[in-house]
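J.: here's my sequence, what's the structure:
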Amino acid sequence: MSADQSLPAPAGVEDHSDDASIRERLNSLLSEHSQSEIARKTGSLVASVNRYVHGARIPAAFCAALVRGLNVNPSWLLVGEGAPSLADVPAETAKLGGNLLALVEAMSTVARMRLGSLTGKHHLKVLRELNDALVSHERLREKLNEQSRPLFAEMLKDLQAALDKRDLARAGELRKAVEQLSRLCDDEDLERDFYRVQAYHEFQLKNSARFLQLQRKLFLRSLPNDNLFDERACDEARRLVVALVQMNRLHEALRVCRATRNLAGRAGRRWSAFARLENTHGVILVELGHLYKGMALVQRSLPRLSGMYRKVSEAALAKQMLWAGLVRLEDAMAMSERNDAKAEHFLQTACWLAEPRLLEATLSYAEGRDVEPVWRDGFFPCYARSLLKQLTHPGSEEAEAFEAAMQASPKTAPRDEGDWVRLGASVAHLYLAAGLREHALAQTLEVDRRLSSMDPEVSPEPMAAATHYRSVLALIDSPTDRRQKRMLTQARRFFIRYVRGGYAILESALKS
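T.: Okay, the predicted model is just below:
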């Protein structure tokens, strides 16, 4: 029995719809090339090209000739992914892509063995033929891996480069092509790298839910199987923690930190990745109100950090020292080199203190040469400018204009309930700074509604919550209903807990 007398090809191998799709893409080439030109550049007869266009089966050799002769992207030709032309694809990538066509066709042929023929007296012969076909299939699969692996790696580099340049349009096209290649290549390391790059892409697209989903998958793939939990797995866990923190899911992030520390064991404490994880663990504890405990972890891990990680950690420690009342804002700005992270922390602190001279000083700091100009239209610079206006020249329109601008900008538009709480609390503060108590109360009640309906796993930023609860204390002198009584109770409990945890900067809210 021959292989082509069997059942339809297994799912994912080949079917007639694939032929039809390739034919459609061949027809689309006719808008730029005549049949005679295609025949000449592929070394085919014009009559053969005409038959392929009108329904004849298109052989893999002709597809390969299209890639070589017309510079057609093999990923686009086979599966419709990516751009039709290889003009933007490196030469090495194009060459490797062409070599895959024959292998895919060969695997399709081998995979057509029909299992239904196993019934009857010739079943032993059929089983032998099936075994031979499967062995051949495995060999082809290995060869396909050898051919596709360098192409997969090269295109991953191209995708990473596009993302590093923030070229999201090109990144989107490349990602589609790499996704198709990933199905042809069994390489655990490359698959893991692809998950990481996809997560980075989703992060740039501000698709927070998908970003977190990919980071979770990446973390699970790094967990021990037959190998011990290693430093790379520890770093993947830290990336998941960072993703959770960015989505304000601090309690889950804390659980992952603790689990990872246990998995790493004593040996893991020597890893650089462990120091980075421990530092992030400390930051989370601070955000959840345990400032003294968190600062201790940050201080312990900071000497082992280097490069970008050290700069970010130094900025976090400067913020924590401000919140603990260990240093004044003016002195913190004078300490060490300035950077984007410090500028954001100092502006956030100045907005809480709400003193015009401090707002002016921190805005000047943030506009220095060492701070990226693109960062200056972020949330806290805009908030600080609006607050400074309200404190020096109060008006009824500034708060509304700030709210509209933040919602309209891709950089500052709220992504989750935590972001909405931060925006709402800030808008209420702007109204209150101008003496517009009625508007401030309406905004504060809206923030309370969001907090009450928030997922318990989501935690608002501590200073955003503090800003909201300070407005509650300032606006509700004599509660008129159960809701306002509850809000007052929550506000007092928040400040008591955070002040006890080390937030000396919040003491003034309880005294006012």
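
J.: name the element the most centrally placed residue in the chain belongs to?
T.: The residue lying closest to the centre of the chain (CA atoms, centre = their mean) is residue 203, at 2.8 Å. For residue 203, the host element (DSSP states H and E) is helix 188-204.

J.: likewise residue 263?
T.: helix 250-268.

J.: for that helix, list the C-alpha coordinates in CSV.
T.: The C-alpha trace of helix 250-268 is given here as CSV (Å, rounded to 0.1, in the frame of the first residue of the first chain):
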residue,chain,number,x,y,z
LEU,A,250,1.0,43.4,44.8
HIS,A,251,-0.2,40.5,47.0
GLU,A,252,0.2,38.0,44.2
ALA,A,253,3.7,39.5,43.5
LEU,A,254,4.6,39.0,47.1
ARG,A,255,3.5,35.4,47.1
VAL,A,256,5.7,34.7,44.0
CYS,A,257,8.6,36.4,45.7
ARG,A,258,8.3,34.2,48.7
ALA,A,259,7.9,31.0,46.7
THR,A,260,10.9,31.8,44.5
ARG,A,261,13.1,32.5,47.5
ASN,A,262,12.2,29.0,48.9
LEU,A,263,12.8,27.4,45.5
ALA,A,264,16.2,29.0,45.2
GLY,A,265,17.3,27.7,48.6
ARG,A,266,20.6,28.6,50.2
ALA,A,267,22.6,28.1,47.0
GLY,A,268,20.5,30.6,45.2
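
J.: quick one: it to chain centroid distance?
T.: With CA atoms, centre = their mean, to the nearest Å as the basis, helix 250-268 stands 21 Å off its chain's centre.

J.: show me what that helix is packed against.
T.: Judged by 3 or more CB pairs under 8 Å, 6 or more residues apart in numbering; DSSP states H and E, helix 250-268 is in contact with helix 231-246, helix 272-287. In this view, the C-beta of every residue, glycine as well, is placed from N, C-alpha and C.

J.: ok, and what's touching the next helix or strand after the helix holding residue 203?
T.: Where DSSP H and E defines the elements, the next helix or strand beyond helix 188-204 is helix 208-221. When contacts are defined by CB atoms under 8 Å, 6 or more residues apart in numbering, helix 208-221 is touched by residues 188, 191-192, 195-196, 198-199, 202-203, 236-237, 239-240, 243-244, 246-247, 249, 256, 415-416.

J.: any quick ChimeraX command for the buried ones out of those residues?
T.: To isolate in ChimeraX the members of those that are buried, counting by 16 or more other CB atoms under 10 Å, one can use:
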select :192,195,196,198,199,202,203,236,237,239,240,243,244,246,247,249,256,416
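
J.: quick one: mean pLDDT over the helix holding residue 203.
T.: In this model, helix 188-204 carries a mean pLDDT of 86.

J.: can I get the CA coordinates of that helix in PDB?
T.: Extracted as PDB, the C-alpha positions of helix 188-204 are listed here (Å, rounded to 0.1, in the frame of the first residue of the first chain):
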ATOM      1  CA  GLU A 188      13.100  25.000  24.400                       C
ATOM      2  CA  ASP A 189      15.500  27.900  24.800                       C
ATOM      3  CA  LEU A 190      14.300  29.700  21.600                       C
ATOM      4  CA  GLU A 191      10.700  29.100  22.600                       C
ATOM      5  CA  ARG A 192      11.400  30.600  26.000                       C
ATOM      6  CA  ASP A 193      13.100  33.600  24.300                       C
ATOM      7  CA  PHE A 194      10.100  34.000  22.000                       C
ATOM      8  CA  TYR A 195       7.700  34.100  25.000                       C
ATOM      9  CA  ARG A 196       9.900  36.800  26.600                       C
ATOM     10  CA  VAL A 197      10.000  38.900  23.400                       C
ATOM     11  CA  GLN A 198       6.200  38.600  22.900                       C
ATOM     12  CA  ALA A 199       5.700  39.800  26.500                       C
ATOM     13  CA  TYR A 200       8.000  42.700  25.800                       C
ATOM     14  CA  HIS A 201       5.900  43.500  22.700                       C
ATOM     15  CA  GLU A 202       2.600  43.300  24.600                       C
ATOM     16  CA  PHE A 203       4.100  45.600  27.300                       C
ATOM     17  CA  GLN A 204       4.900  48.200  24.600                       C
END
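
J.: chain center to it: distance?
T.: The answer for helix 188-204 is 9 Å, by CA atoms, centre = their mean.

J.: which neighbouring elements make contact with it?
T.: Contacts defined by 3+ CB pairs under 8 Å, 6+ apart place helix 188-204 against helix 123-164, helix 168-182, helix 208-221, helix 231-246.

J.: what sits up against that helix?
T.: Residues outside helix 188-204 that contact it (CB under 8 Å, 6+ apart): 149, 152-153, 156, 159-160, 163, 166, 168, 171-172, 175, 178-179, 182, 210-211, 214-215, 217-218, 221-222, 236, 239, 243.

J.: ok, stretch 259-270 next?
T.: Here stretch 259-270 makes contact (CB under 8 Å, 6+ apart) with 223-224, 229, 231, 233-234, 237-238, 241, 271, 274, 277-278, 281.

J.: show me which of these are buried.
T.: Buried, going by 16+ other CB under 10 Å: 229, 233-234, 237-238, 241, 271, 274, 277-278, 281, out of the contacts of stretch 259-270.

J.: turn the helices and strands packed on helix 188-204 into CSV, columns for distance to residue 499 and mean pLDDT.
T.: Formatted as CSV, these follow (distance: least, CB to CB, whole Å; pLDDT from 0 to 100):
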stretch, distance to residue 499, mean pLDDT
helix 123-164, 43, 72
helix 168-182, 44, 84
helix 208-221, 32, 83
helix 231-246, 23, 88
